[in-house]
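Asker: Turn this into a structure:
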Amino acid sequence: MMLVLSAYKHDPRPRRQAEALVEAGNHVDVICIDLDKSPVREVVGGVNIFRMRPWCFTSKNKLAYLFNYVVLFFASFFTLTAKFLREKPAKIVIHNMPNHLVFTAVIAKIFGARIVLDLHDPTPELYETMFQSNKGLLYRLLLIEEKISCRFAHHLITVNEVFAQRVKERVNRDLFVVLNAPDVQWLKGDDRPRNENGKVTLYHHGNIHHRCGIDRILPALKTLLDENLPVEVEVHGGGPFLAEVERVANDLKVSDHCTFGGRYPSEELAKRMENADIGLVTNRTSPFATLCMPIKLLEYVECKLPVICTRMETANYYFDETMVYFFDDESEIPALVKRIMNNPAEVKSKTEKAYAKYQEITWAAQKPKYQTFIQNA
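Answerer: As a prediction, the model looks like this:
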């Protein structure tokens with residue numbers, strides 16, 4: 001059984017893990033939340049989906065976040081416990097955030113289930129980034145919450161080596177790393193259709209939050225358009241910052257050169273990326289970004305797209321300057337776009353080197369290790 005507080009069909013990490021476990025011969029139930037009025041019960045890829053519809057308060061302040069997590073915790077606790085008592089799964093995987101969701105499995109643990117906590121995100125760093133907070137009392141409480149939650153679980157999984165090392169230092173436990181590598185069945189590499197619309201398309205997809213920084217590309221787009229270069233921006237996905245991105249595009253008078261798509265299931269990703277020429281990873285530098293490896297970076301590498309990426313510790317851990325076009329300040333983006341447009345040989349060299357490095361960490365390489373880890377947990 002898995003628990004994840006997201007829309008399962010749009011969340012590639014738990015989805016591919018659940019389907020990998022089904023492929024290995026397991027019965028898998030996933031408890032998730034309903035964000036798009038999907039059926040309460042559904043079977044997707046052999047996985048049994050059970051959606052909760054708890055009422056939540058919509059706001060951006062700290063009290064609203066706390067209230068939402070309280071509501072979702074108790075809804076998850078009762079749902080998971082009821083299903084456990086009926087079906088007695090041997091293993092329960094809890095996907096954070098928050099970390100303390102692991103305690104929704106307390107009854108299951110008492111009755112002998114093995115509990116695995118999969119840390120997608122570093123909660124203390126995310127809090128520090130979202131609320132632009134110093135390391136005060138709440139930050140320290142989140143460190144305590146992280147340690148207690150990690151100690152409760154039998155096993156820990158996380159998303160990259162940099163994050164794993166940081167958490168290991170804080171909780172004194174080893175973590176199994178399952179990188180957020182994309183499932184290539186949803187992508188097209190060399191077989192991806194060529195963009196024939198006569199424009200260079202700068203492409204971004206995924207959740208749209210302030211920390212993702214997609215608004216940072218819009219001044220660069222204006223600069224390039226002012227130089228009469230044939231460029232456009234495509235943004236696919238949804239999130240709380242999308243309206244602000246659209247407002248900035250209007251203010252800069254570049255909206256006619258932007259396409260804003262909505263959320264989409266994983267199987268539509270290849271179709272959405274057909275026009276892409278340059279992949280954008282424009283995360284704002286922050287304590288949170290330092291520990292993250294954006295899955296979109298790996299998806300662009302899989303499709304052999306040149307990638308313009310914020311210089312972040314984790315991205316730099318896996319890729320270097322010979323593979324990715326890194327930038328420290330958004331003012332560098334126009335020059336990088338022009339460099340990509342004017343140097344096809346260099347682009348080919350970088351994309352091939354990045355692709356070769358990526359083969360070491362693909363989901364195909366990690367999947368059997370993940371299946372064995374859960375089998376032995």
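
Asker: Please make it C-alpha for all contacts and neighbour counts, starting now.
Answerer: OK.

Asker: pull the longest helix from this protein.
Answerer: Longest helix of the chain, by residue count under DSSP state H: helix 62-87.

Asker: Can you check what angle separates whichever helix or strand comes after that helix from helix 62-87?
Answerer: Moving toward the C-terminus from helix 62-87, the next helix or strand (DSSP states H and E) is strand 91-95. Between strand 91-95 and helix 62-87, the angle comes out at 170 degrees (axes from the mean of the first three to the mean of the last three Cα atoms, to 10 degrees).

Asker: In contact with the nearest residue to V178 once chain neighbours are set aside, which residues?
Answerer: Leaving aside its sequence neighbours, V178 sits nearest to V159 (Cα to Cα, 6 or more residues apart in numbering; 5.3 Å). Contacts here follow Cα atoms under 8 Å, 6 or more residues apart in numbering; on that basis V159 touches 119-120, 177-180, 292-293.

Asker: picking up where we left off before, buried ones in the longest helix of the chain?
Answerer: 68-69, 72-73, 75-77, 79-81, 83-84 (16 or more other Cα atoms under 10 Å).

Asker: Then stretch 219-237?
Answerer: Here stretch 219-237 shows 219-222, 224, 231-237 as buried, counting by 16+ other Cα under 10 Å.

Asker: how far out from the middle of the chain is that stretch?
Answerer: Remark: stretch 219-237 is offset 25 Å from the chain centroid, using Cα atoms, centre = their mean, to the nearest Å.

Asker: thinking again about what came up before, may I ask which two of the buried residues of helix 62-87 are separated the most?
Answerer: Greatest spatial distance among the buried residues of helix 62-87 (Cα to Cα): N68 and F84, at 23.6 Å.

Asker: domains of this structure?
Answerer: 2-181+363-376, 184-358 (automatic domain parsing).

Asker: would TSV of these with mean pLDDT be doable?
Answerer: Compiled in TSV, these are given as follows (pLDDT from 0 to 100):
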stretch	mean pLDDT
domain 2-181+363-376	90
domain 184-358	90
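
Asker: gap between stretch 112-129 and the chain center?
Answerer: Computed by Cα atoms, centre = their mean, the chain-centroid distance of stretch 112-129 equals 14 Å.

Asker: what's next to that stretch, contact-wise?
Answerer: 88-99, 102, 105, 109, 133-135, 139-140, 142-143, 146, 150, 153-159, 163, 211, 286-288, 291-292, 377.

Asker: returning to that earlier point: of the buried residues of stretch 219-237, which pair is most distant in space?
Answerer: Every pair of those checked by Cα to Cα; the farthest is L224 and G237, at 23.9 Å.

Asker: And the spatially closest residue to Y69 that is not a sequence neighbour, how close does it get to V301?
Answerer: Leaving out its chain neighbours, the residue that sits closest to Y69 by Cα to Cα, 6+ apart is P98, at 7.6 Å. Using Cα to Cα, to the nearest Å, P98 is found at 30 Å from V301.

Asker: what about E268, how many residues close to it?
Answerer: 12 (other Cα atoms under 10 Å).

Asker: ok, which stretches of the stretch 201-350 of the chain are strands?
Answerer: Using DSSP state E, counting those that start in this stretch, the strands of the stretch 201-350 of the chain run over residues 231-236, 258-260, 278-281, 307-310, 325-327.
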